[in-house]
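Novice: I would like to see how this sequence folds:
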Amino acid sequence: MQFQGAFTALVTPFRNGAVDEERYRALIEWQIEQGINGLVPCGTTGESATLTHQEHKDVIRICVEQVKGRVPVLAGAGSNNTREAVELTRYARQAGADGALLITPYYNKPTQEGLYQHFKAIAAEVPMPFIVYNVPSRTGTNLCPETLARMKRDIPEVIGVKEATGNLIQVSEIIEYCGADFQVLSGDDFTVLPLLAVGGCGVISVSSNVVPAKMSEMCRAFFEGDLATARRVHYEIASINRAMFLETNPIPVKTALSMMGRIELELRLPMVPLQPANQSRLRDILSAAGIV
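Specialist: Predicted coordinates:
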C-alpha cells in the first residue's frame, strides 16, 4: 500500500458530548470533494486520547463506510499499552482500514529496544501495513533512524513513518538508512515541502482539515515536477499552518472549522476553547486567506 500525497488528520466533531456522526460524514465527503489523497481518523487531531474504546472504533468504522474505498484510510490505533494497541489495530483491520497509524508509546518512555519490541508484538498479532508515528514533543521519546531501519528490515508490516520532529537531518537519515521505498510522511505542516525535497512521500496534515485542496495541490505539483507551484502554495498556506498551532492542536483547527460552519465547536477536557485574543487572530488569518 502506497500512502502518498496529502492525508488529513481528521478532527472528531462532537455534539452534546457525543460524536457528531452527521457532521463527521459531511466533513469526510467535503475532504474527498476537495481532492484530498487520504484520511486519518483517530489521530491526535481527532482527540483520540479522550475517545472511549467504543467511540474510537465507531469513528474508524464511520470513516471507512463514508469513504467507500475512494481514498486510503489510515486509522489511528496506537497506545502506550501494547495489548491495547493490538486490540485497536485488529479492529482497524476488521473495519476495512487500509493501514494503521501507530504512535510510539507515550509516558512510559521505552528504550529503543522497547519500541522495537512494541511494534514487533503488534505485527505478530495483526498483519496489516503500519505507519509509525514519531512525535517526541508529545511522547517524550524519539524513535531513532537506526531503530526504524531495524524495524523495516525485521517487521514487514512497518512500511513508513509519520515524522513529526521537524528535524530534516533525521528525516534524511531515515531515508538513507531505510531506503527510498520506505514511506516518510511529514507530521509537521511547516515541513511538508522540504521533506518532499529530500525524498518524503507526503504529509499527515492538521491544516488540510481547513485547506485540503491547497495541501493536495502542493503535493501534486511537487510530484509532477512543478516546483514553482509547490513553492507558491507552500507560502500561500504558511499563515494557516501557523494559525493551526496558536494553541495546542486540535483547539485552533476545530475553532477554524466551526468558523467555517463545518462543525460545532465542542472540545473535550482537558482541551478548552481558544483564548479570546487568539480567536481574533485566527479569524483575521482565515479572513485574509478568504476562508471565512
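Novice: the closest residue to Ile36 other than its chain neighbours: neighbouring residues, count only.
Specialist: Nearest residue to Ile36 in three dimensions, chain neighbours excluded: Pro212, at 4.4 Å (C-beta to C-beta, 6 or more residues apart in numbering). Bear in mind the C-beta positions are built from the backbone N, C-alpha and C, glycine included. For Pro212, the count of nearby residues is 24 (other C-beta atoms under 10 Å).
Novice: you'd agree Pro212 is up against Gly35?
Specialist: Yes: counting by C-beta atoms under 8 Å, Pro212 touches Gly35, with 6.7 Å between them.
Novice: strands along the stretch 51-200 of the chain, start to end?
Specialist: 74-76, 99-103, 130-134, 158-163, 183-186 (DSSP state E, counting those that start in this stretch).
Novice: take those and write them to a markdown table, including mean neighbour count.
Specialist: Putting the strands of the stretch 51-200 of the chain into a markdown table (neighbours: other C-beta atoms under 10 Å) gives the following:
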| stretch | mean neighbour count |
| --- | --- |
| strand 74-76 | 30 |
| strand 99-103 | 27 |
| strand 130-134 | 25 |
| strand 158-163 | 26 |
| strand 183-186 | 25 |
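Novice: I'd like these as CSV, with distance to Gly199 and mean pLDDT appended.
Specialist: CSV is the format used below for the strands of the stretch 51-200 of the chain (distance: least, C-beta to C-beta, whole Å; pLDDT from 0 to 100):
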stretch, distance to Gly199, mean pLDDT
strand 74-76, 20, 98
strand 99-103, 20, 98
strand 130-134, 16, 98
strand 158-163, 12, 98
strand 183-186, 7, 98
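Novice: since we're on the closest residue in space to Pro136 that isn't next to it in sequence, how many residues are nearby?
Specialist: Closest residue to Pro136 apart from its sequence neighbours, by C-beta to C-beta, 6+ apart: Asn142 at 4.3 Å. Using other C-beta under 10 Å, the number of residues around Asn142 comes to 17.
Novice: check contacts around the residue nearest to Ile36.
Specialist: Ala6, Thr8, Trp30, Gln31, Gln34, Gly35, Ile36 (C-beta atoms under 8 Å, 6 or more residues apart in numbering).
Novice: ok so, going back, of all the strands of the stretch 51-200 of the chain, which one is nearest Val59?
Specialist: strand 74-76 (8.8 Å; C-beta to C-beta).
Novice: returning to that earlier point: restricted to strands, list the contacts of Pro212.
Specialist: Judged by DSSP state E, strands contain the following of the contacts of Pro212: Ala6, Thr8.
Novice: show me what Ala75 is bridged to.
Specialist: Listed by DSSP bridges, the beta-bridge partners for Ala75 are Ala100.
Novice: hang on, it packs against Gly46?
Specialist: No: judged on C-beta under 8 Å, Ala75 makes no contact with Gly46 at a distance of 10.0 Å.
Novice: overlap of the contact sets of those two?
Specialist: Val40.
Novice: report how many residues lie close to Glu22.
Specialist: 10.
Novice: please disregard the earlier target; I meant Ile28.
Specialist: A count of neighbours around Ile28, defined by other C-beta under 10 Å, yields 24.
Novice: that one and Gln94, how far apart?
Specialist: 20 Å (C-beta to C-beta, to the nearest Å).
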